[in-house]
Structure formats: C-alpha cells, structure tokens
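A.B. asks: sequence and predicted structure are below.
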Amino acid sequence: MKKGEIYEGIIEKVDFPNKGRIIIDGRTVTVKNGIPGQKVRFLINKKRGDRLEGRLLEVLEKSPLEKREPVCSIFPACGGCMYQTMEYEDQLNMKAEQVKNLLDKVIVNAGQVDEDGSPDYMFEGIKGSPMEFAYRNKMEFSFGDEYKDGPLALGLHKKGSTYDVLNAYDCKLVHEDMTKILQCVGEYFRSRNVSYYKKMQHVGYLRHLLLRRANTTGEILVNLVTTSQEEHDLEPLKEELLALPLEGEIVGFLHIINDALSDMVQSDETRILYGKDYFYEEILGLKFKVTPFSFFQPNSYGAEVLYNTAREYIGDTKDMTVFDLYSGTGTISQILSPVAKKVIGVEIVEEAVQAAKENAELNGIDNCRFIAGDVLKVIDEIEEKPDFIVLDPPRDGIHPKALPKIRDSFRCERIVYISCKPTSLARDILEFSKGGYHVKRVCCVDMFPNTVHVETVVLLSQQKPDDTIEIDLDLDELDATSAELKATYQEIKDYVLKEFGLKVSSLYISQVKRKCGIEVGENYNLPKSENARVPQCPKEKEDAIKAALKYYAMI
C-alpha cells in the first residue's frame, strides 16, 4: 500500500475515538468517521512504518447498524454527531465495548488478572443519557461561509475543516429555542450584509454566537461575539430576539468583544444589552449560577446520572476529609458536602473557583473550601490529608508530574476517577497501578449521545496484604528427599501451560498436592483472614496438574 492509493473495504470495528479498522490484504488501515459494518472507499493519506491511515471518501454501503434516517439536514458533512443513524442502544453498546477493550488491555498489562489471566475487575456497562436529543445546555456556533466567498453562514464547522461553516438551523443536539435564535441572528446579519471575521487575514466583524439554556428553568443567555473592527446597531436585533415565540425565556442578551487572534471564544469586553449575564441551573437539588463562560456540564440531565454514579462509587464519607481535584465550579464538592466532614476543591481556573465559592454560599454549604491553583503545586501546600480523593481532570488526563504526587503522597485507600477521555484514563490507570492501586469498578455514562464521546467513572482501591493470599512455608517441615522437591511450583506451571495451554496458580497446585497426599506445610497458601474466600481449583486444571505431578514422578 502506498500514499495516494484508493481502496474499498468494510469497517470491521470502531475503536475510541471513532477509529474505524479496515483489513486489506492482512493489513489494518485506520479510517475515521465511520460506523462498524459500512463498506467505504478511502484514500491512504498516512503511512508510518506498519501504521496505515486512510481518509474516508465515500460510504458505498450502509452498515446493518444504520437502522434509521438522519435527523438533521447537514449529516454527515457536519461530523458533530456521527452516530445518529444508529439506534441509541447500539451506540451505547459500541461505546461500552470501546472503553472495556481499552481498559482490559491496560489492566492485564498492570498484572491485575484472575486465575485464567483475564482482567480482574467489575465492568458495569454503560448508562444512557435521559435525553438522546436536545440535551445540550450550551453551544458555540460560528459565523463564516459554506464555501469560499459564499453567503454568510451561521452554524457548525464542516467535518475536517476549520474554515467552512454549515448553517445548522435544524441541529437536534440543542433545544428548538436555540435553533430559532440561531436562525433569527443569521437572517438579521445576512440581510444587512455584515462581514464575518476571516481568521487568516484577521479582518471582519462577526465571530461566534454562544447560546446557553438552562434545562430545568428554560432561561436563556444570548451572547453575540464580534471584533471591535466595526460598529453596528444591535437594538433591532434585540427586539427581534425578544419577540421570538420560545418555550423558554431570554433573560440576557450580551455583546462580547473579542479581538484575539485565536479562534477561542473569550471576552476583551462584555456589554449587557438586555437583562443580566447569568442564570441558575439545578442539579440534584443544588442551584448553580451559570455565566457565559462558566465551566458547567453541557448535559444537565446526563450530569445527574454521572454524579449519582460517582456518589455511589464514593460510598460513605462520614467524618472524612475529601479532596476534589480538578474541581471546576465545585459541583462534585457540593454534592459530597452533606455526607463529608470537609471537602477541599482544587482548580487552576480562577473564574471557576470564584463561581464554586458563590455556588456553595448560594446552597448554604459551609464545609467546602476551594483553592485556585495548579494541582501539581497546591497538593504540596495543603496541610490537611485526604481520606478520599475524587479526580475529574480535563480531557488530557492528569499531568504526568502530578499523578505520582497524588498517588504516593496521600496513599488513600480509595480514589474515584471521572474521565471524559478513555485513552487518557487508560494511561493514568497504568500509572496508578505502579503504586499498588487496582481497578475495582468501572461504569460508563453517555453524556453526549450520537457523538464519539463518553464519560467513565472508575473506583480505584489501594491493595493491602489482606487483599492477597499469604504464603507461609515452613522449610523445617520439608524432607529434602521427598517428592515435594522433585519439581518446583514454577516447573509445574510451565509444564501445564506448555502441554495443556492452561495457567495455574500456586494455590491450585497446593490444593491438588494435598488431594494426592503430598505434604505442603500446614499453613502453605492458606488465607490470612478466617472468613476470606479461597477459590477452588477447577476440574480441568486439577487434571492438568495431576498430569504434571505424574510426569515428575511425584505421584
């Protein structure tokens, strides 16, 4: 295979995040933006050693999983919700399998396996979002054109492009109120021939439309983001917006000035043209003040599922000091506060910390303390020691220098890790395993239906001697001429693996030896605690071990 060549093939499976695997002549090619079972045409665009990547050109045949029609007019050009032609249950199953495959590999590599060499942890599947569509409470739309020098467009970027913008007047990820506002704003500026900001030339006026809508109250913030290069009368637009027949209510219309060269939505100056610059949203009975740039879960309904799952994994925190690292606006901290002695949240973004303090005061919570700073530095300065740690890091996971500090400085018995990127999670789990932590429970939560993203909640537990089977071998009880010394335990394991393809433990070997009347020492391989469960050797492995004992003339 060479770069530039075009092939056809069937996507065998899709790994996270949206990496389709196609096998051609025994070689695997990674092609993004597909669905398992699709027959596609693709171009080889990258070749690095044995690694091949292709760019999807065309879907030749639909996947058997595509059981419904697209729900919006710009699918699949947009790329925002690639899985919308799949039934939601199939989406959930695929995401759960993606996460499990990732974690299985890293957990086996960490040595956390059962007697059969399989990953030894509890995978509890995936929980879906209460709403599959219209779940997003925040959306950033861009101004631009669908093609070079075309008419003004307002919507979402075309898949694979940072320039082309598609009109998203029927986007199904947001409430219909948002699409009505989007259409109103787009038509207003298009009819007046107002320019949009061109990122390469750094000229133009219109940049973004940032919309936020509280799912529980229906309150809406409209944030128009422009440069300062032009001046336009926005009073008529305000009147048109307030006259829209909406289910919710616009409580604030803001004009945000942004002259930064980057395409990130930010504010050099904010002008309130109507109402206020915030609203309140509720999650699990707590109120949170949301401003244009607040860090807040984009799916309020899914957030309740996520936080309930995390709370279940956290368990009883009575009289405990809890560290909520990467705490954002303090949602988890406040959810834990009623059942903890003290909660300390650490977050690097000062605006988020200020919001967390305001929200705690709003909810009458007085046992939460929020610290603004880098987790890497702050954990060295906090005098308190945590009994429990909650981690909810950004997409790239925990900083590689911070993770060993968190792991080794506190030695907490349990840690709950909430991840929005399974690949980062897998990397961090391997690092935690080096400090004696094992994965106990894992559950996925689908916060973003129809997209490639998925959240994962993991319970990590520090392994202690009582968690393992203790070997107590008294050498004085052994007769050097006995059959016991004719073969070591490792030799028996190697023989069974070679001849029968089975992995057996020292515990199973000692059990079979006892059955065959071979002395192994009174306390050998007995559990330390009286009520510990001792696994019994399966019949197939017992027969294989007996064959090894016969081979070494021990029976």
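C.D. replies: That came in fine, so what should we check first?
A.B. asks: when you work out contacts or count neighbours from here on, use the C-alpha atoms and nothing else.
C.D. replies: Noted.
A.B. asks: what about the protein, any weak spots by pLDDT?
C.D. replies: Within the chain, the segments meeting pLDDT under 70 span 464-486, 519-534.
A.B. asks: spatially, what comes nearest to the most centrally placed residue in the chain if we skip its sequence neighbours?
C.D. replies: In the chain, the residue lying closest to the centroid (Cα atoms, centre = their mean) is Cys420, at 2.2 Å. Leaving aside its sequence neighbours, Cys420 sits nearest to Glu455 (Cα to Cα, 6 or more residues apart in numbering; 4.5 Å).
A.B. asks: next up, the contacts around that neighbour.
C.D. replies: Leu306, Ile418, Ser419, Cys420, Lys421, Pro422, Cys444, Val445, Asp446, Met447 (Cα atoms under 8 Å, 6 or more residues apart in numbering).
A.B. asks: give me that answer again for 6 Å
C.D. replies: Ser419, Cys420, Cys444, Val445 (Cα atoms under 6 Å, 6 or more residues apart in numbering).
A.B. asks: the last one against Lys127, yeah?
C.D. replies: Which is Val445. Yes: using Cα atoms under 6 Å, Val445 is in contact with Lys127, at 4.8 Å.
A.B. asks: neighbour-wise, which of the two wins?
C.D. replies: Val445 (27 against 19; other Cα atoms under 10 Å).
A.B. asks: the more buried one and Lys515, how far apart?
C.D. replies: Distance, Val445 to Lys515, by Cα to Cα, to the nearest Å: 48 Å.
A.B. asks: go on, Gln354?
C.D. replies: 67 Å.
A.B. asks: who has more neighbours, those two?
C.D. replies: The neighbour comparison of Gln354 against Lys515 (other Cα under 10 Å) goes to Gln354, with 16 against 12.
A.B. asks: can you show me the strands along the stretch 351-500 of the chain?
C.D. replies: 368-372, 388-391, 414-419, 437-445, 455-462 (DSSP state E, counting those that start in this stretch).
A.B. asks: now do the third one: which elements does it pack against?
C.D. replies: Just to be clear, that refers to strand 414-419. strand 388-391, strand 455-462 (3 or more Cα pairs under 6 Å, 6 or more residues apart in numbering; DSSP states H and E).
A.B. asks: mind putting those into TSV with distance to Tyr495?
C.D. replies: Converted to TSV, the helices and strands packed on strand 414-419 look like this (distance: least, Cα to Cα, whole Å):
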stretch	distance to Tyr495
strand 388-391	44
strand 455-462	34
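A.B. asks: mind checking the longest helix of this structure?
C.D. replies: Selection of the longest helix in the chain by residue count, based on DSSP state H, yields helix 88-109.
A.B. asks: tell me which residues in it are buried?
C.D. replies: Within helix 88-109, the residues scored as buried using 16 or more other Cα atoms under 10 Å are 88, 91-92, 94-100, 102-104, 106-108.
A.B. asks: restrict that helix to CA atoms and write it as CSV.
C.D. replies: Provided in CSV are the C-alpha atoms of helix 88-109 (Å, rounded to 0.1, in the frame of the first residue of the first chain):
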residue,chain,number,x,y,z
TYR,A,88,-29.3,4.6,20.6
GLU,A,89,-29.0,1.2,22.2
ASP,A,90,-26.5,0.2,19.6
GLN,A,91,-24.5,3.4,20.2
LEU,A,92,-24.3,2.6,23.9
ASN,A,93,-23.2,-1.0,23.3
MET,A,94,-20.5,0.2,21.0
LYS,A,95,-19.2,2.8,23.4
ALA,A,96,-19.2,0.4,26.3
GLU,A,97,-17.2,-2.1,24.2
GLN,A,98,-14.7,0.5,23.2
VAL,A,99,-14.0,1.5,26.8
LYS,A,100,-13.9,-2.1,28.0
ASN,A,101,-11.4,-3.1,25.3
LEU,A,102,-9.1,-0.2,26.3
LEU,A,103,-9.2,-0.9,30.0
ASP,A,104,-8.9,-4.7,29.6
LYS,A,105,-5.6,-4.3,27.9
VAL,A,106,-4.1,-1.8,30.4
ILE,A,107,-5.4,-3.8,33.4
VAL,A,108,-3.8,-7.0,32.1
ASN,A,109,-0.6,-5.1,31.5
